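*Asks:* structure, please.
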Amino acid sequence: MGASATQTYSLKSTTGKFNINASRYSAKLLEYVQQELKDVNTFFGYSNHPEQENATAFFDYANSLNEADLARFNKFRQVNEESIRLVCSKEHTPGCYKVNQGEYKDLISKEDKL
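*Replies:* Next comes the predicted model:
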């Protein structure tokens, strides 16, 4: 897939820009989300980074990101990779999980794993 394999989001053909709908949120709501969800914003890469270009940065923390924030930046990628390795490993035991009112089983059986 080349460079597109690492692309997180596809831009809509109608806008061709990230964060195009930012104006639809009130300044008060955006300020609240920026202050209260800094951990989440950095984890998912919705914040700026002082040393990395980040097209999905919705919140600018200027120079207020500390070491813990920087260590958490885009951490969701690592968590996703670890989760995939876990469920695809031969040692993983498929389980049955209750979600809302229904029960669901792992999609990958032990026999199907590589």
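
*Asks:* figure out how far stretch 72-80 is from the centre of its chain.
*Replies:* Here the centre of mass of C-alpha atoms in stretch 72-80, compared against the chain's by C-alpha atoms, centre = their mean, to the nearest Å, lies 7 Å away.

*Asks:* and for stretch 44-51?
*Replies:* With C-alpha atoms, centre = their mean as the basis, stretch 44-51 stands 12 Å off its chain's centre.

*Asks:* quick check: buried residues in that stretch?
*Replies:* Neighbour-count burial for stretch 44-51 flags 44-49 (criterion: 16 or more other C-beta atoms under 10 Å). (C-beta placed from N, C-alpha, C; glycine too.)

*Asks:* ends of it, what's the gap?
*Replies:* Using C-alpha to C-alpha, to the nearest Å, the end-to-end distance of stretch 44-51 comes to 16 Å.

*Asks:* in the chain, which spans are helices?
*Replies:* 27-36, 38-43, 67-72, 75-88 (DSSP state H).

*Asks:* so which bits of the second one are buried?
*Replies:* Spelled out, it's helix 38-43. 38, 41-43.

*Asks:* quick one on the thing from earlier: can I get the buried residues of stretch 44-51 in a markdown table including distance to residue 92?
*Replies:* Converted to a markdown table, these look like this (distance: C-beta to C-beta, whole Å):
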| residue | distance to residue 92 |
| --- | --- |
| 44 | 25 |
| 45 | 27 |
| 46 | 30 |
| 47 | 33 |
| 48 | 37 |
| 49 | 33 |
